[in-house]
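Colleague: following is a predicted model, sequence given first.
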Amino acid sequence: MSFLPNIVGAHLLFERRGHVLLGLRPPDALLAANVWHVPAGHVERESVRACAVREAGEELGVIVDEPDLELVHTVHLLDADADAEDTVPRLQLFFRAHRWRGEPRVMEPDRCVEWRWWPLHALPDPTVEYTVAALEGIASGWSYTAMGWPAVPGAIGGRPPRGR
């Protein structure tokens, strides 16, 4: 087995009265056009928390302090639709923002055309698949989900058995 770097994504969960904030990606987006997704971004030369703070400001115009972020879920994603030899795995880290200052607004219309609060039990269709998996995992108390990886004989998969 050879070394393969992973892309790391920082995702933000803003929750209010049983609703989660999702943004609608524009129709001309290269990935996930016209699909809803939580605020997120790729980690650059910074910590994951610093990335989440930066993205909150860039995408939403809100201020979040690092201590107000709680890591609540990890999705390790291998895009099953892509050629496995060329696909770069993604480690998606989801942080709950316990406090923030300001009201979310569209700051990057080329990346998001609308922000809206959605009930956790009635997410819009379509929503990014791994975002749905992360929200379901969080609601179930799971800390990790694996998606797109080949099954390993004898392994427990990305989610614990029901009841755990």
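Modeller: Sure, I can see it.
Colleague: for the residue nearest to Leu22 when sequence neighbours are not counted, grab phi and psi.
Modeller: Spatially, and ignoring its direct neighbours in sequence, Leu22 is nearest to Trp36 (4.3 Å; C-beta to C-beta, 6 or more residues apart in numbering). Glycine gets a C-beta too; all of them are placed from N, C-alpha and C. Dihedral angles of Trp36 (phi, psi; degrees, to the nearest 10) stand at phi -90, psi 150.
Colleague: tell me what Trp36 is bridged to.
Modeller: Beta-bridge pairing of Trp36 under DSSP bridges involves Leu24, Thr127.
Colleague: host element of His73?
Modeller: Under the criterion of DSSP states H and E, His73 resides in strand 69-77.
Colleague: which residues touch the residue nearest to Leu22?
Modeller: Leu22, Gly23, Leu24, Arg25, Trp118, Leu123, Pro124, Pro126, Thr127, Val128, Thr131 (C-beta atoms under 8 Å, 6 or more residues apart in numbering).
Colleague: one step back: neighbouring strands - and their directions - for the following helix or strand past the strand holding His73?
Modeller: Next along the chain after strand 69-77, taking DSSP H and E as the criterion, comes strand 90-97. Strand 90-97 sits in its sheet next to strand 7-13 (parallel), strand 69-77 (antiparallel), going by DSSP bridges.
Colleague: now the strands: where do they sit in the protein?
Modeller: Ranges of strands in the chain, per DSSP state E, are 7-13, 15-16, 19-24, 36-37, 40-42, 69-77, 90-97, 114-119, 144-147.
Colleague: His98 touches Glu70, doesn't it?
Modeller: Yes. Using C-beta atoms under 8 Å, His98 is in contact with Glu70, at 6.3 Å.
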